[in-house]
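Participant: just coords:
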């Protein structure tokens, strides 16, 4: 097991040894969206698991289980909210989302839909075996605010540009 690397800000705890790679990827994407109002190709290659704590029977186990996973998995990048954040139900086909409207959430990053699909299975198995009980894992592409700018992520082009 490696030593877990992490950083924090006011909202998130970023962890896993892949977090610096994602930080470099996120910046040009966010600049393109906010300043230029265009969907950057990085958003199309940004798949995320969303683990809404309010969708799990024993959510108190989730943070440690995810950090253990990151310690054991080279290249994994993830973050978890320090406190509850507004629930963003970004794909109605994946309902239910937490009913309370606010929940802690953890995000695990992947570059392809195939990696994401494998990650869903591994994440679910780790959470259930580790004591989180039963729950739901949601997923999406890009950042939540991009849906307001570019339409629902479910309608974005299937493939990113070839130069990624």
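Facilitator: Happy to help now that I have it. Source: prediction; values computed, not measured.

Participant: which helix or which strand is home to the most centrally placed residue in the chain?
Facilitator: For the chain, the residue nearest the mean C-alpha position is residue 107 (2.6 Å; Cα atoms, centre = their mean). Here residue 107 sits within strand 105-110, counting by DSSP states H and E.

Participant: equivalent analysis for residue 42, please.
Facilitator: Going by DSSP H and E, residue 42 is in helix 41-44.

Participant: which helices and strands does that helix pack with?
Facilitator: Where contact means 3 or more Cβ pairs under 8 Å, 6 or more residues apart in numbering; DSSP states H and E, helix 41-44 is packed against helix 19-36. In short, each C-beta sits where N, CA and C put it, glycine included.

Participant: same for the helix it packs on, what does it pack against?
Facilitator: helix 41-44, helix 146-150.

Participant: how about 6 Å then?
Facilitator: helix 41-44 (3 or more Cβ pairs under 6 Å, 6 or more residues apart in numbering; DSSP states H and E).

Participant: relative to strand 105-110, how tilted is whichever helix or strand comes after the helix it packs on?
Facilitator: Note on helix 41-44: by DSSP H and E, the next helix or strand toward the C-terminus is strand 47-52. For strand 47-52 against strand 105-110, the angle by axes from the mean of the first three to the mean of the last three Cα atoms, to 10 degrees is 160 degrees.

Participant: give the next helix or strand downstream of strand 47-52.
Facilitator: Counting by DSSP H and E, the element after strand 47-52 in chain order, helix or strand, is helix 62-72.

Participant: any idea of the angle that next one forms with strand 47-52?
Facilitator: Using the same axes, to 10 degrees: helix 62-72 against strand 47-52 is 150 degrees.

Participant: give me the buried positions along helix 62-72.
Facilitator: For helix 62-72, the neighbour count (16 or more other Cβ atoms under 10 Å) marks 62, 63, 65, 66, 67, 69, 70, 71 as buried.

Participant: go on, stretch 144-158?
Facilitator: For stretch 144-158, the neighbour count (16+ other Cβ under 10 Å) marks 146, 147, 150, 153, 156 as buried.

Participant: do the same with stretch 120-136
Facilitator: 120, 123, 124, 126, 127, 128, 130, 132, 135, 136.

Participant: now do stretch 102-114
Facilitator: Within stretch 102-114, the residues scored as buried using 16+ other Cβ under 10 Å are 103, 104, 105, 106, 107, 108, 109, 110, 111.
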